[in-house]
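# need a 3D model of the following:
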Amino acid sequence: MALIEIKNVKKQYTSGDDVVEALRGVDISIEAGEFITIMGQSGSGKSTLLSVLGGMNHPTVGDVEMAGEKVYQLSGEKLADFRAQNLGFVFQSFHLIPYLTAIENVMLPLAIVKMNTAAKQTAARRALERVGLGAKLDRLPNQLSGGEQERVAIARAIVNNPHILLADEPTGNLDSKTSEEVMALFRELNDAGQTVVMVTHNPENGAYSDRTINLKDGMVVNA
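Coordinates of the predicted model:
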């Protein structure tokens, strides 16, 4: 069975008297261990689709099943628990806390996990080592380059060993060389078994993935 099944997902927004159809009947199936890029022009619905996948944006119509759970049939608290246990998020703007060190930023998702502090520090250190920042655990974000900050954000996303890593334009604020390094890191994580779903506007990023899903006007035009 696929790790992610999206069936006839529609998302409508109402703006005054207007109804905007962001997603118009999307069907997608993603296997465990796949690296998927979602591409499309601005307004195609790709970020809306990622937020629906992330359990953060209830579809108007349709089913979203992930890791055997019908996500939007879970109660609010159970949905929050499901996200914390199964999903890791990486955003275009890194969302690092400026007064926390790299290791403290990576420990944030573990705040609700029943582990002692030493175990949390060990998990965060291992995550930072996986992204090549084992020597910079105690640096503040402003003491790191943009690429290093993105690596901290990726380490924070994987510290819980999530089933699925969701990334929204993770190279959008990076120069081309740093973008290549970050994309190589995503590929490395995927080669180690991590399922990755990434929204990108950059066709070069698609070369790192197993499959590209193209959206246009809220519909899949090829998958």
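# strands of this protein, start to end?
For the chain, the strands defined by DSSP state E cover 4-15, 18-30, 35-39, 61-66, 69-70, 87-90, 164-168, 195-199, 211-216, 219-222.
# adding mean pLDDT, write the ones you listed out as JSON lines.
Compiled in JSON lines, those are given as follows (pLDDT from 0 to 100):
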{"stretch": "strand 4-15", "mean pLDDT": "92"}
{"stretch": "strand 18-30", "mean pLDDT": "92"}
{"stretch": "strand 35-39", "mean pLDDT": "95"}
{"stretch": "strand 61-66", "mean pLDDT": "94"}
{"stretch": "strand 69-70", "mean pLDDT": "92"}
{"stretch": "strand 87-90", "mean pLDDT": "92"}
{"stretch": "strand 164-168", "mean pLDDT": "94"}
{"stretch": "strand 195-199", "mean pLDDT": "95"}
{"stretch": "strand 211-216", "mean pLDDT": "94"}
{"stretch": "strand 219-222", "mean pLDDT": "88"}
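# mind giving me CSV with those strands and columns for mean neighbour count and distance to Met107?
Every C-beta, even on glycine, is put in place using the N, C-alpha and C of the backbone. Formatted as CSV, the strands of the chain follow (neighbours: other C-beta atoms under 10 Å; distance: least, C-beta to C-beta, whole Å):
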stretch, mean neighbour count, distance to Met107
strand 4-15, 16, 28
strand 18-30, 17, 29
strand 35-39, 23, 27
strand 61-66, 18, 25
strand 69-70, 13, 26
strand 87-90, 23, 14
strand 164-168, 23, 18
strand 195-199, 25, 22
strand 211-216, 18, 33
strand 219-222, 14, 38
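# ranges for the helices of the protein?
With helices called from DSSP state H, the chain shows them at 46-53, 76-86, 102-107, 117-130, 146-158, 176-191, 203-206.
# give me the distance between the residue nearest in space to the middle of the chain and Thr14.
Centroid-nearest residue in the chain: Leu166, 1.6 Å away (criterion: C-alpha atoms, centre = their mean). According to C-beta to C-beta, to the nearest Å, Leu166 and Thr14 sit 26 Å apart.
# still on that earlier bit, distance to Asn214 and mean pLDDT added to the helices of the chain, as a markdown table?
Output for those, formatted as a markdown table (distance: least, C-beta to C-beta, whole Å; pLDDT from 0 to 100):
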| stretch | distance to Asn214 | mean pLDDT |
| --- | --- | --- |
| helix 46-53 | 9 | 92 |
| helix 76-86 | 26 | 89 |
| helix 102-107 | 33 | 96 |
| helix 117-130 | 31 | 94 |
| helix 146-158 | 25 | 92 |
| helix 176-191 | 18 | 91 |
| helix 203-206 | 9 | 89 |
